[in-house]
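In: missing the sequence, but the structure's below:
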């Protein structure tokens, strides 16, 4: 696929076939992703390729409490949701309950000793630290899509980082950046719906005119 096609056709996939993903295919994904930019070109990421059914099930179990808390915080109780929200939450609930069935779990870790958190003193959560790892994660997803694979990223397991660390023997000083689910999709759309550039880009200032061509 052309790069622009891959970028326009890489959704978060929720439905996967049970077919295994061969090691050489996973390797090709990682081999392409490694060229992502990172601060100081330190490439401070490490990836655990998890296939073991018991470990995948343990990750699924660890995910449940953070997922339920996320739904409560961002969607509210079921009785407050409209039908569209209920449908989206139900779809995501199904994914959360079955994520252990996705054949490959990629646990992406970041070496915090190579990260410059330049907004650490800001009066808000940091949005900078992930800049050294999430271009790599995005490359993973694009490379996977180019090979016909589906992916889904979640960061909710950061709430259970120590438990995940124990599962895969990750050393201290490394932070869990993301879990990327990887597998052959049941279906991937060839066209995604996203807001147009004019809806999120302005000239010069936030109160400037909308940017367009």
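Out: Arrived safely, thanks for sending. For clarity, every value in this text was computed on a predicted model and none was experimentally measured. Numbers count the residues shown, from 1 in each chain.
In: what's the first helix or strand after the strand of greatest length in the chain?
Out: Longest strand in the chain, counting residues (DSSP state E): strand 174-183. Sequence order places helix 197-200 as the next helix or strand after strand 174-183, per DSSP states H and E.
In: centroid-nearest residue for this protein?
Out: Compute the mean C-alpha point of the chain, and by Cα atoms, centre = their mean the closest residue is residue 153, 1.9 Å away.
In: and that residue, what are its bridge partners?
Out: residue 180 (DSSP bridges).
In: the bottom helix or strand of this protein by mean pLDDT?
Out: Sorting the helices and strands of the chain by mean pLDDT, DSSP states H and E puts helix 83-98 at the bottom, at a mean of 88.
In: on contacts alone, who are the packing partners of that helix?
Out: Under the contact criterion of 3 or more Cβ pairs under 8 Å, 6 or more residues apart in numbering; DSSP states H and E, helix 83-98 touches helix 53-75. (Each C-beta comes from the backbone N, C-alpha and C, glycine too.)
In: buried residues, the helix it packs on. List them.
Out: 55, 56, 58, 59, 60, 62, 63, 66, 67, 71 (16 or more other Cβ atoms under 10 Å).
In: that older thread, from what I can see the residue nearest to the centre of the chain touches residue 178, true?
Out: Yes - here residue 153 lies in contact with residue 178, judged by Cβ atoms under 8 Å, at a distance of 5.2 Å.
In: and for those two, which residues touch both?
Out: residue 137 (Cβ atoms under 8 Å, 6 or more residues apart in numbering).
In: the least confident helix or strand of the chain vs strand 174-183, what angle?
Out: Helix 83-98 runs at 100 degrees relative to strand 174-183, counting by axes from the mean of the first three to the mean of the last three Cα atoms, to 10 degrees.
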